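[1] Got a predicted structure here, sequence first:
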Amino acid sequence: QVQLVESGGGLAQAGGSLRLSCAASGLTFSGNIMGWFRQAPGKEQEFVAAINWDGSSTKYADSVKGRFTISRDNAKNTVFLQMNSLKPDDTAVYYCAAIYESRPVLPVTIREYKYWGQGTQLTVSS
């Protein structure tokens with residue numbers, strides 16, 4: 001079955017950096033659009049970033065643009081989220097998601113993704 005396993009979360013200081021990874025199995029990874037979402041305490045899950053099958057197209061939420069970078073390694077079935085200039089507002093559980101489709105516009109809503117990981121916690125202290 002399809003599995004998405006996030007790792008790399010933890011505790012970081014404001015202004016610091018961290019890289020999340022999501023290892024995929026049970027799917028044709030290179031055929032999937034990959035996305036990152038997050039859910040902060042008491043808030044709804046929100047889109048963070050997405051990347052197309054070969055990494056040539058990316059999309060970011062305004063709140064992370066210029067600070068976060070999504071990338072992928074199809075040879076390792078892994079997608080990454082490099083997070084720089086972290087803020088306390090970035091504190092959330094981060095989820096990896098996948099959809100096996102090719103679209104001209106990268107999806108940004110929860111319902112557009114089919115597969116989800118269990119999430120990894122990021123806490124940013126001030």
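    The structure has been received and is ready for your questions. Predicted, not measured: the structure shown is a model, and the values here were computed from it.
[2] Beta-bridge partners for the residue positioned nearest the centre of the chain, please?
    With distances taken as Cα atoms, centre = their mean, residue 36 lies nearest the centre of the chain, 2.2 Å away. Beta bridges link residue 36 to residue 49, residue 96, judged by DSSP bridges.
[3] Please name the nearest non-neighbouring residue to residue 47.
    Closest residue to residue 47 in three dimensions, ignoring its sequence neighbours and counting by Cβ to Cβ, 6 or more residues apart in numbering: residue 108, at 4.4 Å. (Each C-beta comes from the backbone N, C-alpha and C, glycine too.)
[4] any idea how far that neighbour is from residue 99?
    In this view, residue 108 and residue 99 are 11 Å apart by Cβ to Cβ, to the nearest Å.
[5] joint contacts of the two?
    Both residue 108 and residue 99 are in contact with residue 35, where contact means Cβ atoms under 8 Å, 6 or more residues apart in numbering.
[6] one step back: per-residue confidence for the residue nearest to residue 47?
    Turning to residue 108, the model gives it a pLDDT of 96.
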